[in-house]
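Asks: everything below, folded, please.
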Amino acid sequence: MSFAKKLLPPLISGILFGAGLTLSGMTDPARVRGFLDLFGAWDPTLAFVMGGAVLVMAVAWRIRNRMGTPIFAERFSLPDRKDLDGRLIFGSILFGIGWGLAGLCPGPAVESLALSPLDVLPFVVAMVAGMAAQQTLGLKPWRQQAVAE
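Replies: Got it, this is the predicted structure:
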């Protein structure tokens, strides 16, 4: 697979993702926390962003069913029910707690480095430290563990 065919799709996807985050205001932690504050000043904006993502994925799933192989990969990498285990559930809970407290997840955090680096730097440092700890402790990400088994 050529260099351009391998790296261009993720680069373009990342640029589109970042532009979408910026246009929708999802790089603003206050907006995300406002969505999660169901009993206070609830901000439904994130629900519309998620709804748009669900519509795009619904179309993508329909297109995938008609394709033999993906355009930019050897095969489709799809989840199955075997990936749902305690590690994934615990990790999802931990991710949600962090998202709720900080109002950021990795995508918006990295993008926010360009927009307001001092505000988001503690989160990004903690995120990178967590990744380093995972590597140091020798823990396999759940996706690699599922493939290996």
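Asks: what comes up buried for stretch 49-63?
Replies: Using 16 or more other C-beta atoms under 10 Å as the test for burial, stretch 49-63 gives residue 49. C-beta here means a position set from N, CA and C on the backbone, and glycine is covered the same way.
Asks: from the chain's centre, how far out does it sit?
Replies: 15 Å (C-alpha atoms, centre = their mean, to the nearest Å).
Asks: same question for stretch 60-77.
Replies: With C-alpha atoms, centre = their mean, you get 20 Å for stretch 60-77.
Asks: show me what contacts the residue nearest the centre of the chain?
Replies: Central residue of the chain (C-alpha atoms, centre = their mean): residue 107, 5.9 Å from the mean position. By C-beta atoms under 8 Å, 6 or more residues apart in numbering, the contact set of residue 107 is 17-18, 21.
Asks: so which of those residues is the most crowded?
Replies: residue 21 (18 neighbours; other C-beta atoms under 10 Å).
Asks: and it, how far from residue 126?
Replies: 20 Å (C-beta to C-beta, to the nearest Å).
Asks: I'd like the average pLDDT over the helix or strand containing the residue nearest to the centre of the chain.
Replies: In this structure, residue 107 is located in helix 106-115 according to DSSP states H and E. Helix 106-115 carries an average pLDDT of 82.
Asks: and stretch 7-23, by the same measure?
Replies: When pLDDT is averaged over stretch 7-23, the result is 85.
Asks: could I get the CA-only coordinates of that stretch as PDB?
Replies: The C-alpha coordinates for stretch 7-23 follow below in PDB (Å, rounded to 0.1, in the frame of the first residue of the first chain):
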ATOM      1  CA  LEU A   7      -1.700   8.200   5.400                       C
ATOM      2  CA  LEU A   8      -3.900  10.600   3.400                       C
ATOM      3  CA  PRO A   9      -7.300   9.200   4.500                       C
ATOM      4  CA  PRO A  10      -6.500   9.500   8.200                       C
ATOM      5  CA  LEU A  11      -5.100  13.000   7.700                       C
ATOM      6  CA  ILE A  12      -8.200  14.200   5.800                       C
ATOM      7  CA  SER A  13     -10.500  12.500   8.300                       C
ATOM      8  CA  GLY A  14      -8.600  14.200  11.200                       C
ATOM      9  CA  ILE A  15      -8.900  17.600   9.500                       C
ATOM     10  CA  LEU A  16     -12.600  17.100   8.900                       C
ATOM     11  CA  PHE A  17     -13.100  15.800  12.500                       C
ATOM     12  CA  GLY A  18     -11.300  18.800  13.900                       C
ATOM     13  CA  ALA A  19     -13.200  21.300  11.700                       C
ATOM     14  CA  GLY A  20     -16.500  19.600  12.800                       C
ATOM     15  CA  LEU A  21     -15.500  19.900  16.400                       C
ATOM     16  CA  THR A  22     -14.700  23.600  16.000                       C
ATOM     17  CA  LEU A  23     -17.800  24.500  14.000                       C
END
